[in-house]
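[1] Sharing a sequence plus its predicted fold:
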Amino acid sequence: RLERENIDLEGFGAEEPPAEEAPAAEEGAAPAAPAPALRKKITCSYAQYQRISHMLTRHLYEKEGAGEEVKEEDLFAWYLEQVEEDIKTEADLKDQEQLLKKIVERLIMKDRVIIVARPSEDPAKPEGRILVKHPNYPVGEVVGA
């Protein structure tokens, strides 16, 4: 069986760029503020990526068939309800939310399996955008690597 590497989910979100290093403090000057904590690189296994992407696209497909629109925040809430028995702590919840956000961004930006049908009406709340499954993507097929 062909082994796939982990999926790197960095670089798809609209996050702020990493802070640049502060210039060296002059002698006798007050010490600079402590450096921010390094962000943990988000990756997931290929199998986990496939499982989550299939769940999301199937849900979008079913809602589209029922004539319902799906907001990104509703898709997140639905997914978290599906996996709530696996979430034991608040840290697990935060990790799942981060992972899900990165996977959805990758499905939109790189794999182009999910399409933003309509942007959010409130620019301060981008998770209000309407998402749909790409019409040429057959549900149940393998998503790109």
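    That came through, no problem. Residues are numbered from 1 along each chain as shown.
[2] ok, and for stretch 67-78, which residues are buried?
    Val70, Lys71, Glu72, Asp74, Leu75, Phe76 (16 or more other Cβ atoms under 10 Å). Quick note: C-beta positions are derived from backbone N, CA and C, even for glycine.
[3] chain center to it, what's the gap?
    Centroid separation between stretch 67-78 and its chain, computed with Cα atoms, centre = their mean, to the nearest Å, is 14 Å.
[4] Pull up the distance across it, start to finish.
    Using Cα to Cα, to the nearest Å, one end of stretch 67-78 lies 17 Å from the other.
[5] low-scoring stretches of the protein, by residue?
    Applying pLDDT under 70 to the chain flags the ranges 1-4, 8-40, 140-145.
[6] same thing but at 90, please
    Where the chain drops to pLDDT under 90, the residues are 1-44, 122-127, 137-145.
[7] Show me where it has its strands.
    For the chain, the strands defined by DSSP state E occupy 7-8, 43-44, 70-71, 114-118, 130-133.
[8] Nearest approach to Tyr61 belongs to which of the ones you listed?
    Closest of these to Tyr61 is strand 130-133, at 5.2 Å (criterion: Cβ to Cβ).
[9] Pull the residues that contact that closest one.
    Residues outside strand 130-133 that contact it (Cβ atoms under 8 Å, 6 or more residues apart in numbering): 57, 60-61, 64, 69-72, 75, 104, 108, 113-118, 139.
[10] Tell me the strands beside that strand, with direction?
    strand 70-71 (antiparallel), strand 114-118 (antiparallel) (DSSP bridges).
[11] This completes my enquiry, with thanks.
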